[in-house]
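Chemist: Model the following, please.
(chains A, B, C and D)
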Number of protein chains: 2
Amino acid sequence: MKILVVDDDPDLLALVAFALTNAGYAVVKAADAGPALAAFDRELPNLVLLDINLPSGSGFDVCRNIRDRSPVPVMMLTVRGEEEDLVRALELGADDYLTKPFSPRTLLARVKALLRRAGIESADMLTAGPVSLDLEAQTLAFADGASLRLTRLETRLFQILIAQAGHVVTTERLLAHVWGHRGSGDRQLLKQLVHRLRHKLERAAPGNDPLQTESGVGYRLKT
Amino acid sequence: MKILVVDDDPDLLALVAFALTNAGYAVVKAADAGPALAAFDRELPNLVLLDINLPSGSGFDVCRNIRDRSPVPVMMLTVRGEEEDLVRALELGADDYLTKPFSPRTLLARVKALLRRAGIESADMLTAGPVSLDLEAQTLAFADGASLRLTRLETRLFQILIAQAGHVVTTERLLAHVWGHRGSGDRQLLKQLVHRLRHKLERAAPGNDPLQTESGVGYRLKT
DNA sequence: CCAATCCGTCACCGTCTTGTCACCGGCCCG
DNA sequence: CGGGCCGGTGACAAGACGGTGACGGATTGG
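Modeler: Residues are numbered from 1 along each chain as shown, chains lettered A, B, ... in the order given. Below is the predicted model of the structure:
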């Protein structure tokens, strides 16, 4: 379980990181908007704690950018009494907020509630319905016990699909996540990758293709 | 989208119900613990707004009972400054809370955030009456559960129509929004697009064309 | 060093999307 | 009445898009 914490106050950052680490979460830290987005793309955290006030630009932009590319739960950190900011953050897609100062216990309770609501279990093992993906071993396991080795690219593809299981993932986002922003016109790569992954899945679970094509949009993992 | 509101204050209940109804939600009301659980079983709402302080027993019991039988999102309503209550509620499975007094705008933002987080409502969703448009999935969904895949252009057309639902949108604005200022005299494109969209809608909901032609002006989405 | 695997690229096919043309009927106005 | 403008409809074709097979360079593992 990986949590990205974004705040420019080093003390608060350390405190939050300490509390979360103690509770068994992996913590990624960032102190400003740019590094935060870079860390997000690199680490794909399961949850984001985001300060509204950042040195360059505001947390709103970070929130919107994250929300554009992922439905990951985002919790905003703010000082007391700025309700307009809160409403704006929530309208931008944030899922919850905490007013500073807060107790570690409150923080943990809220983080747990968010994660439970998001239905996330483990960082290295993503599960959706009858299949689960082991990121480290690059392995797909089915509920009936069968399992399947994936290549590096296939793993990255399945990772983002399973993280958004049931929702369409845009071709652009798939390309960005698997290959990392090369020429955006390179749909041929995705075509082949999906083809090869389907071929593997077909041999493991015949007649039950979980990858649904959403024509003109992208792909979706059946739930 | 159905929301159960539980509170013993009739004024607050009416206010909340009014705000939610105005935003297009169906509202079920209950004033005490027993009726709340009965209403929950009967109506199976998509979200529950639950006051912690109820005449008989506390909202905690209701929350636990609901959580035992369903993972539906629960938002607790409470008075300011009782952090212990909040932590307890969240540990019992509540997903969020609101401190009274709150503005209708805040309420709506939080409710929407909660629904989106629960995956019940998508982020880029425009709704007008019985139809809602998912911009990302390029899908139209009807209140009766039917849904319909749209092409890229059809989505763009419906987007501006649903955003101005009930009002006429001029031909020029439609052309500009869908095609982005090519030759402005190109009404033939729009004619065909509307024709094709109507054809799809006709198959999905026969005899009920929601696209009204305003001759010499443009088109209008029936409310 | 050899064989297997991974993966980027090309070519081809069928289907869907979309721009274009041609024609129809209704309406207004001289 | 007849021409012009408007919106509706059908048909066609170019192009985009997804699926599939094949080739070959690069990398990996024995």
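Chemist: Quick one: residues in contact with stretch A:26-40.
Modeler: With contacts defined as Cβ atoms under 8 Å, 6 or more residues apart in numbering or on different chains, stretch A:26-40 is touched by A:1-8, A:10, A:13, A:16-17, A:20-21, A:43, A:45, A:48, A:50, A:54-59, A:61-62, A:65-66, A:69-70, A:123. For the C-beta atoms, the positions are set from N, CA and C on the backbone; glycine is no exception.
Chemist: One more pass at 7 Å, please.
Modeler: With contacts defined as Cβ atoms under 7 Å, 6 or more residues apart in numbering or on different chains, stretch A:26-40 is touched by A:1-8, A:13, A:17, A:20-21, A:43, A:45, A:54-57, A:61-62, A:65-66, A:123.
Chemist: Mind checking which of these are buried?
Modeler: Buried by 16 or more other Cβ atoms under 10 Å in any protein chain shown: A:1-7, A:13, A:17, A:20, A:45, A:54, A:62, A:66, A:123, out of the contacts of stretch A:26-40.
Chemist: Can you flag which of these belong to helices?
Modeler: A:L13, A:A17, A:L20, A:V62, A:I66 (DSSP state H).
Chemist: Quick one: distance of the one helix or strand A:L175 maps to to the chain centre.
Modeler: Here A:L175, judged by DSSP states H and E, is contained in helix A:171-179. Relative to the centre of its chain, helix A:171-179 is centred 14 Å away, using Cα atoms, centre = their mean, to the nearest Å.
Chemist: Enumerate the positions of stretch A:188-205 that are buried.
Modeler: Within stretch A:188-205, the residues scored as buried using 16+ other Cβ under 10 Å are A:L190, A:L193, A:V194, A:L197, A:L201, A:A205.
Chemist: Could you restrict those to the ones contacting DNA strand D?
Modeler: Counting by Cβ under 7 Å from any atom of the strand, A:V194 from the buried residues of stretch A:188-205 sit close to DNA strand D.
Chemist: quick one: which of the buried residues of stretch A:188-205 sit in helices?
Modeler: Per DSSP H, helices hold the following members of the buried residues of stretch A:188-205: A:L190, A:L193, A:V194, A:L197, A:L201.
Chemist: Within reach of DNA strand C, which of these are there?
Modeler: Among those, DNA strand C is touched by A:L193 when using Cβ under 7 Å from any atom of the strand.
Chemist: with the ones in helices among the buried residues of stretch A:188-205 in mind, which one is nearest to B:L108?
Modeler: A:L190 (38.2 Å; Cβ to Cβ).
Chemist: and that closest one, what is it in contact with?
Modeler: A:T171, A:L174, A:L175.
Chemist: so the first one sits right up against A:G218, yeah?
Modeler: By that I understand A:T171. Yes: look at A:T171 against A:G218 with Cβ atoms under 7 Å: they come within range, at 4.7 Å.
Chemist: higher neighbour count, these two?
Modeler: Legend: neighbour count by other Cβ atoms under 10 Å in any protein chain shown for A:T171 and A:G218, higher for A:G218 (23 against 18).
Chemist: What backbone torsions are found at that one?
Modeler: phi 170, psi -140 (degrees, to the nearest 10).
Chemist: ok, it - contacts?
Modeler: By Cβ under 7 Å, 6+ apart, A:G218 lies in contact with A:V168, A:V169, A:T170, A:T171, A:L174.
Chemist: mind redoing it with 8 Å?
Modeler: By Cβ under 8 Å, 6+ apart, the contact list for A:G218 reads A:V168, A:V169, A:T170, A:T171, A:E172, A:R173, A:L174.
Chemist: ok, now A:S58?
Modeler: Applying Cβ under 8 Å, 6+ apart, we find A:S58 in contact with A:A33, A:I52.
Chemist: Please name the bridge partners of it.
Modeler: Judged by DSSP bridges, the bridge partners of A:S58 are A:N53.
Chemist: Give me the spatial nearest neighbour of the closest residue to DNA strand C within chain A, chain neighbours excluded.
Modeler: Proximity of chain A to DNA strand C (Cβ to the nearest atom of the strand) peaks at A:T151, 3.0 Å away. The spatial neighbour of A:T151 that comes closest, neighbours along the chain excluded (Cβ to Cβ, 6 or more residues apart in numbering or on different chains), is A:Q138 at 7.2 Å.
Chemist: pLDDT score for the residue of chain A found nearest chain B?
Modeler: Taking Cβ to the nearest Cβ, chain B has its nearest neighbour within chain A at A:L90, 4.1 Å off. If you check A:L90, the pLDDT there is 79.
Chemist: what does A:K29 give?
Modeler: 91.
Chemist: tell me which element it is part of?
Modeler: A:K29 belongs to strand A:26-30 when elements are defined using DSSP H and E.
Chemist: residues of that strand that come out buried?
Modeler: Buried residues in strand A:26-30, counting neighbours by 16+ other Cβ under 10 Å, are found at A:V27, A:V28, A:K29, A:A30.
Chemist: Only alpha carbons, please: show it as PDB.
Modeler: Extracted in PDB, the C-alpha atoms of strand A:26-30 (Å, rounded to 0.1, in the frame of the first residue of the first chain):
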ATOM      1  CA  ALA A  26       4.900   2.800   2.100                       C
ATOM      2  CA  VAL A  27       5.300   6.500   1.800                       C
ATOM      3  CA  VAL A  28       6.500   8.600  -1.100                       C
ATOM      4  CA  LYS A  29       7.200  12.200  -0.300                       C
ATOM      5  CA  ALA A  30       7.100  15.300  -2.500                       C
END
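Chemist: Mind listing the strands it pairs with, and their directions?
Modeler: Under the rule (DSSP bridges), strand A:26-30 has strand A:2-6 (parallel) as partners.
Chemist: what's the strand it pairs with in contact with?
Modeler: With contacts defined as Cβ under 8 Å, 6+ apart, strand A:2-6 is touched by A:13, A:16-17, A:20, A:25-33, A:36, A:39-40, A:43-51, A:54, A:59, A:62, A:111, A:123.
Chemist: Mind doing that once more with 7 Å?
Modeler: By Cβ under 7 Å, 6+ apart, strand A:2-6 touches A:13, A:16-17, A:20, A:25-30, A:36, A:39-40, A:43, A:45-51, A:62, A:123.
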